[in-house]
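J.: What follows is a predicted protein model with its sequence.
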Amino acid sequence: MGWYILKRLLQAIPLLLGIITVTFFIVRLAPGDPMDIYLEEDRGQIDPQAIELLRQKYGLDQPIHIQYVKWVANVARGDLGESFRYRRPVSQLLAEAIPYTLQLTILAVVLDALIGITLGIISAVKQYSVLDKIVTLGSLVIYAIPGFWLALMLVLVFSVNLGWFPTSQTRSMDYGFLSFSGKVLDRLWHLVLPVFVLGVASAASTARYMRNRLLEVLNEEYVLSARARGFRERVVILNHALRNALIPIITIYGMKLPFLLGGAAIIESIFAWPGMGRLAVEAVSGRDYPLLMATITMGAVMTVFGNLLADLTYVWVDPRVSYEGKKQR
Amino acid sequence: MNYLPPGSYSMTDTSLHTSVPRTTLRRAALALSCLLALANVSCSPSSDRAPAQGSSITLLKSSRIDERTWSAFGGFGQYLVFLRLFRKDETDEQQPRLAERWEHSPDYRTWTFHLRRDVRWHDGVPTTAHDVKFTLELLAHPAVLHPSAFVLNIESITVLDDFTLTITYTRPMSLESGSIAFYPKHLLEDLDPSEFFSWDFWTDPVGNGPYRYVRHVPKTMMEFEANPDFYKGKPKIERLVLKFGPDAGLLELLSGNVDIVGIHPSQIPGLGEDPRFRVYYSESNITWAHGIFWNQRHPLFRDAVVRRALTLAINRRELLQVLNYSPDLPIFDVIYTRRQYLQRQLPEPLPYDPELAKQLLEAAGWQDEDGDGVRERAGAEARFTLIAHRGGTFLGERAAVYVQDQLRRVGIRMDVQILDGSVMTERVRFAGEFDAAFYRTPRAAYRMLRWNLFGEGSRMGYHNPELVRLLREAVDMGADPEVEDRIYRELWDIFRADLPITFIRTQIGHVVAHRRIRGLSSPWRAEPNMNMEDLWLEDVP
């Protein structure tokens, strides 16, 4: 297993290098000058010398291939550069944003798994029942609703009209005066709407996958055999069918790993959530190359890592899968 | 809709939180405690002072703002917490602030500032000329690099006494460049300038302005209280909260979470006739002039007579109303200085006159010979495509449809293509691949030169050496407001004759405020940040 992991990690290096190289040049070739941010506001006379000095400071006056080599060398040393917009180290900005994103995305994925897998199982086991039809219709409707619209509607109903939840932000303004438990509750209170939007929308598709896959497995002969041997239906489903049905679901969750750190740009924007998604949007709109490249690189790393993790999880779920050079029977 | 009057919101009111069913949340809370610890739940500032009592208002600020850089370089720092040497009034004249008076040498290279003697930092230490010198040197540090010409062209600074200093510049300097806040030397001189933007000082600032810092919840809010020692007297609004929220702030306003938000004019109808709010528009940031860029490589737009006809054919006053702009906004055909715009000294614009437009098009050889409603000349139709932004602060689809209809009435066929912002920038500013475009030009000479709108290789196909010469002269000689005024008036003649751009409007900001907030007015005193010390609250039924 150790060799397999090492081999996969080594294979990931050229892949990541390829991704970030292509991304670097696409980002740099996009129109617009990042230094235009200094011309946006009527803040008096901007000195042309300042713009040139800033271009020099950030290496923008150099040929693009030199910029690329320097950037790769800096990243290899762990230096992600300084944000053009915020004028602070990118690593500092990421360190501030990642905890906020993790709070949101981990809870959303947990909610997605809980609701999606549960409803998928129920729907498959009770195929063609009223419950199955409700779950199928409900998941299709929620899947079809754009996340931003759902978020705005929830804010309108539950925040503006009913006042049950905050409209945005991660904590209340009186947060500093709350006890520890008050702070925890306050954080949870602010998480309800964004986590619900992210989790439920995602659960709709998970439920569909789960249902279809479980129905396939339930028709397998070994399930019939288990039933014939007198196992209780609950044992047949949970111990025999479900583990096999989970394999494609694991692949899906492996692919969700980049989302954990990458955040959800639109939902974070609507709820003023200061996470990675929001930071990436800012980086794109402000042509903040160092910040943008850092967020993309992180996404690429997490994608590769997510795939690896999914492959490794197959071993745990399906005893037939092995990376030791032989297949168990 | 229930509305909690924003002023009555109490920072110690936790009724909303107690409504959360705690027992059902307890388990989840425990499971999450590790996650939350990541975000410093238990490490929030314990030194928070109790919130101030009395009148208070809450402003919404975009959560895109990074509190540190925002307070360091601009934003609330310049207006609320710190003092600038001077500030502009509604006629664009500089009025005393930290400096009570100033003189300049005839060549505008040497400026002497006499500071007020009654200004103190919020910790009680007097503000002196040493603080001003320290700040200017700090901002010019290579790691800081404030982009203002007022900072970067300093030859020498001489402190004559505690309240007088002389700054000599390497070239003529205008006060226009001096929009800078000054910082306390005694608190910052030992800090490392290379860490400038990461200093904790920016989230716990000690200033000398009308409001002083009380507390800060990261990524959430900053609270300030009126400074009783402010040299103009304690501001009437005692407590000010800046809430960092979503860009689309209307929901925050309607929810009663904030008292003032900036909005896009397209959102104004959404407010309906809601009596709780008042809408103001602001001309404090008139950096950009928006209009239709005519690409003179297109055969239709080569002739200045045609560009004149097209300008005459568009009812710009009505267009502004369609876009929900104030009917008071000036219509103009020229670029301008701030002073000229704010003092409404702009020359009379071309009127809306579709009949004259038709006559000019006929005279230019564009006639509808086949009766299909579209003019032709030498077999070519008077037809073009206008590209426009998807939305935002630019003129967008709605304006495009209006102009399309107006031009159709004079026999011009205009197709509309809506593009993403970066594609617009590429096609208009860099590739010149457009017939006509809704775009914007900076009003300042040095920025126009930087964009190369009118020089050799202009992407608009409009090269006017005289115009470029005057812009360069404005950059070199513009320290003297009267000279700048004269140069721009010469530019007016060129713009009015050539009409390379049909201007629609300047950059206008819109603010919605709860009606109990008084002291705001359009177009100059609509920015709450800049005018906070002059606002007050009024009881409303």
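T.: Received the coordinates, thanks. For clarity, every value in this text was computed on a predicted model and none was experimentally measured. Residues are numbered from 1 along each chain as shown, chains lettered A, B, ... in the order given.
J.: list the contacts for the residue of chain B found nearest chain A?
T.: Closest approach between chain B and chain A, counting by C-beta to the nearest C-beta: residue B:426, at 3.3 Å. C-beta: built from backbone N, CA, C; applies to glycine. Residues near residue B:426 by C-beta atoms under 8 Å, 6 or more residues apart in numbering or on different chains: A:30, A:31, A:32.
J.: Also residue B:427?
T.: Contacts of residue B:427 by C-beta under 8 Å, 6+ apart are B:387, B:419, B:433, B:434, B:437.
J.: any idea whether the one residue in chain A that gets nearest to chain B is helix, strand or coil?
T.: Nearest to chain B in chain A, going by C-beta to the nearest C-beta, is residue A:31, at a distance of 3.3 Å. Of the three states, residue A:31 takes coil under DSSP: H, G, I helix; E, B strand; the rest coil.
J.: neighbours around it, how many?
T.: 16 (other C-beta atoms under 10 Å in any protein chain shown).
J.: so it makes contact with residue B:425?
T.: Yes - counting by C-beta atoms under 8 Å, residue A:31 touches residue B:425, with 4.9 Å between them.
J.: Mind telling me what element residue 91 is part of?
T.: Answering for chain A, as no chain was given. helix A:90-125 (DSSP states H and E).
J.: what does residue B:95 give?
T.: strand B:94-96.
J.: and residue A:61, how far is that from residue A:52?
T.: 7 Å (C-beta to C-beta, to the nearest Å).
J.: let me fix that: residue B:375
T.: For residue B:375, the distance to residue A:52 - C-beta to C-beta - is 47 Å.
J.: residues near residue B:376, how many?
T.: For residue B:376, the neighbour count with other C-beta under 10 Å is 17.
J.: Enumerate every residue touching it.
T.: B:366, B:367, B:368, B:369, B:370, B:382.
J.: which of the residues in the host helix or strand of residue B:502 are buried?
T.: Using DSSP H and E, residue B:502 sits in strand B:501-506. Buried residues in strand B:501-506, counting neighbours by 16 or more other C-beta atoms under 10 Å in any protein chain shown, are found at B:501, B:502, B:503, B:504, B:505, B:506.
J.: Also stretch A:90-97?
T.: In stretch A:90-97, counting by 16+ other C-beta under 10 Å, buried: A:90, A:92, A:93, A:94, A:96, A:97.
J.: Ok, stretch A:249-269 next?
T.: For stretch A:249-269, using 16+ other C-beta under 10 Å, the buried residues are A:249-254, A:256-269.
J.: restrict these to contacts with chain B.
T.: residue A:269 (C-beta under 8 Å from any C-beta of the partner chain).
J.: The buried residues of stretch A:249-269 in helices, which ones?
T.: If you go by DSSP state H, the buried residues of stretch A:249-269 have A:249-254, A:257-262, A:265-269 in helices.
J.: Go ahead and flag the most central residue of chain A.
T.: residue A:259 (0.8 Å; C-alpha atoms, centre = their mean).
J.: how many neighbours does the residue lying closest to that one once chain neighbours are set aside have?
T.: What sits nearest to residue A:259 in space, not counting adjacent residues and going by C-beta to C-beta, 6 or more residues apart in numbering or on different chains, is residue A:105, at 5.8 Å. Around residue A:105 there are 29 other residues, counting by other C-beta under 10 Å.
J.: same deal with residue A:317?
T.: By the measure other C-beta under 10 Å, the count of residues near residue A:317 is 16.
J.: what are the phi and psi values for it?
T.: Dihedral angles phi and psi of residue A:317 (degrees, to the nearest 10) take the values phi -80, psi -40.
J.: wait, it sits on residue A:245?
T.: No - contact status for residue A:317 versus residue A:245: not in contact, 9.6 Å apart, counting by C-beta under 8 Å.
J.: re the thing from before, report pLDDT for the residue nearest to the centre of chain A.
T.: The confidence metric pLDDT takes the value 72 at residue A:259.
J.: now do the one 5 residues further on
T.: At residue A:264, the model reports a pLDDT of 80.
J.: Hmm, residue A:277 and it touching each other?
T.: Yes - between residue A:264 and residue A:277 a contact is recorded at 4.9 Å, counting by C-beta under 8 Å.
J.: hmm, which helix or strand of the chain has the shakiest average pLDDT?
T.: You didn't pick a chain, so chain A it is. helix A:257-262 (a mean of 71; mean pLDDT, DSSP states H and E).
J.: Is chain A within reach of the strand holding residue B:502?
T.: No - residues of strand B:501-506 contacting chain A under C-beta under 8 Å from any C-beta: none, with a closest distance of 10.5 Å.
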